[in-house]
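# sequence? don't have it. structure:
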């Protein structure tokens with residue numbers, strides 16, 4: 001006999017007090033592993049000898065499962081039934097049971113034996129299983145008005161505990177009244193698994209308002225809830241009322257389409273109708289709409305529709321058609337001469353209040369009316385008249401022509417002072433052409449809103465009178481300007497301040513040059529005379545001349 005068994009025998013023989021705590025409860029999932037803690041997972045006593053798990057069999061007798069010694073890493077399985085392959089113990093002494101089933105809904109006891117005590121901790125196990133499936137069977141095709149008809153049978157299969165089934169209509173709970181609402185529940189238990197299958201049959205007496213009703217079956221379980229929504233059921237009943245609807249966007253305007261829709265409240269809905277269009281009866285089959293395209297203002301009036309098999313059921317609508325007309329006295333391209341007067345006449349006709357606006361080249365302006373046209377008045381004019389649902393636009397292009405007039409002719413010296421830039425500016429339409437009286441380079445040209453600019457570069461070597469001439473089909477103009485040489489400016493020129501400064505600099509330069517040249521000539525002459533006299537002294541030769549000239553020369557040498 002081992003020590004643990006011996007000590008246990010001593011405890012039993014000494015009639016040691018056995019402590020048993022109230023039973024705890026563990027809820028497990030069907031098919032998963034059951035984890036049953038020993039003493040709620042509290043640590044074992046320090047003087048622990050061994051722990052033993054046992055359970056209560058169906059007949060009330062105890063059954064051993066396994067035992068684990070305090071100093072042993074392995075547990076000894078004592079079970080001989082189907083638990084032998086399904087049980088184990090973890091490091092916290094919790095009992096593990098794999099593949100949970102309803103047969104595991106028992107009380108399991110953890111017995112803790114120490115050197116000073118023996119305690120038992122019973123734990124009851126409950127195994128829950130959510131329904132394997134929730135579905136609606138035996139669905140009805142249609143519902144009958146005022147007569148109970150089966151909506152369907154809702155079934156929640158293989159659950160524990162059994163699922164509860166309820167019915168809803170348009171999101172609200174249906175309560176059986178035995179007349180318009182009849183609900184028949186049932187439940188079936190599978191003897192092999194112990195799982196429950198719940199069924200519920202709904203019968204419902206519909207009304208016309210239930211034509212769009214949405215029914216739903218709700219399965220409620222401790223682990224989950226599931227709702228299955230049914231498509232709306234058609235409900236059969238004859239038509240009692242007809243309505244005529246205008247599908248076209250309001251307001252209805254001339255040039256648009258007019259679509260009429262005839263609707264009857266019967267079910268199934270009628271498939272053919274008569275549309276009464278301005279005194280004519282039009283039969284439409286397999287449709288409930290009729291469309292008139294590109295209607296005119298004469299389309300206004302009363303429209304009707306009726307059932308093809310019961311013309312006494314009819315409906316009507318009065319149609320108002322909006323219209324808008326616009327006319328300008330001028331269109332297309334309008335050519336006028338600068339200085340002329342100008343005005344345009346606008347006429348409009350509308351079914352309601354209309355707003356008038358004008359734009360020139362896309363920008364808002366007043367109605368174009370001018371006593372004297374200028375080039376700036378030219379452009380694309382557009383008149384817009386609008387009212388609810390309608391817009392009318394007309395436009396014309398105003399061209400203002402006139403013979404070119406030169407507005408400016410200027411000159412200026414370039415930064416490098418080696419050439420002159422002449423600028424000729426003119427106004428005129430059509431665009432004028434430029435002609436200069438001198439050869440030039442680096443021409444620049446622009447023409448914007450009737451204003452033309454032409455620049456040229458010249459290098460005048462002498463003073464010039466330059467003319468700029470402009471011309472178009474309406475006439476021509478010419479202007480002249482005096483241009484001085486880049487080396488000397490004419491005081492009478494209309495040159496810039498820079499030209500005057502250049503002229504002054506040139507005069508100063510010439511005077512300075514003359515002074516320097518005179519000084520150089522004097523220096524050369526002095527050196528020549530000095531060298532000549534020095535040459536006579538060096539040779540020692542007698543000079544040719546009179547005695548009086550020799551004396552004067554000698555006196556001069558002493559003086560120098």
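Ah, there it is. None of these values were measured; they are calculated from a predicted model.
# which residues touch residue 470?
Residues in contact with residue 470 (C-beta atoms under 8 Å, 6 or more residues apart in numbering) are 404, 406, 424, 426, 428, 432-435, 452, 476-478. The C-beta positions use only the backbone N, C-alpha and C, and glycine is treated the same way.
# what's near enough to touch the residue sitting nearest the centre point of the chain?
In the chain, the centroid-proximal residue (C-alpha atoms, centre = their mean) is residue 249; its distance is 27.4 Å. With contact set as C-beta under 8 Å, 6+ apart, residue 249 has no partners.
# which SSE is it in?
Per DSSP states H and E: residue 249 is located in neither a helix nor a strand.
# any idea of the pLDDT on it?
pLDDT for residue 249: 83.
# separation between it and residue 322?
12 Å (C-beta to C-beta, to the nearest Å).
# same check, this time on residue 359
Distance from residue 359 to residue 322, by C-beta to C-beta: 24 Å.
# more crowded one of the two?
residue 322 (20 against 16; other C-beta atoms under 10 Å).
# which residues touch that one?
Contacts of residue 322 by C-beta under 8 Å, 6+ apart are 251-254, 350-352, 387-390.
# what sits opposite it in the beta ladder?
Here residue 322 sits in beta bridges with residue 253, as judged by DSSP bridges.
# now it: how far from residue 170?
Going from residue 322 to residue 170 by C-beta to C-beta gives 42 Å.
# for residue 263, same thing?
Applying C-beta to C-beta to residue 263 and residue 170 gives a distance of 22 Å.
# what of residue 239?
Separation of residue 239 from residue 170 (C-beta to C-beta): 24 Å.
# residue 380 now?
Look at residue 380 and residue 170: by C-beta to C-beta, they are 62 Å apart.
# just to revisit the earlier point, mind checking which of the contacts of residue 322 are buried?
Neighbour-count burial (16 or more other C-beta atoms under 10 Å) is assigned, among the contacts of residue 322, to 252-254, 350-351, 387, 390.
# most widely separated two among those residues?
Distances among those were taken as C-beta to C-beta; the most separated pair is 252 and 350, at 14.7 Å.
# direction included, what does the helix or strand where residue 336 lies pair up with?
If you go by DSSP H and E, residue 336 is part of strand 332-337. Here strand 332-337 is paired, per DSSP bridges, with strand 390-413 (parallel).
# three-state assignment of residue 357?
What DSSP: H, G, I helix; E, B strand; the rest coil gives for residue 357 is strand.
# show me the contacts for the closest residue to it other than its chain neighbours.
Spatial nearest neighbour of residue 357, excluding adjacent residues (C-beta to C-beta, 6 or more residues apart in numbering): residue 384 at 5.1 Å. Counting by C-beta under 8 Å, 6+ apart, residue 384 makes contact with 356-359, 391-393.
# return the member of the contacts of residue 470 nearest to residue 110.
Nearest to residue 110 out of these is residue 452 (C-beta to C-beta; 110.5 Å).
# now the host helix or strand of the closest one: buried residues?
Secondary structure from DSSP H and E places residue 452 in strand 451-458. Neighbour-count burial for strand 451-458 flags 452-456, 458 (criterion: 16+ other C-beta under 10 Å).
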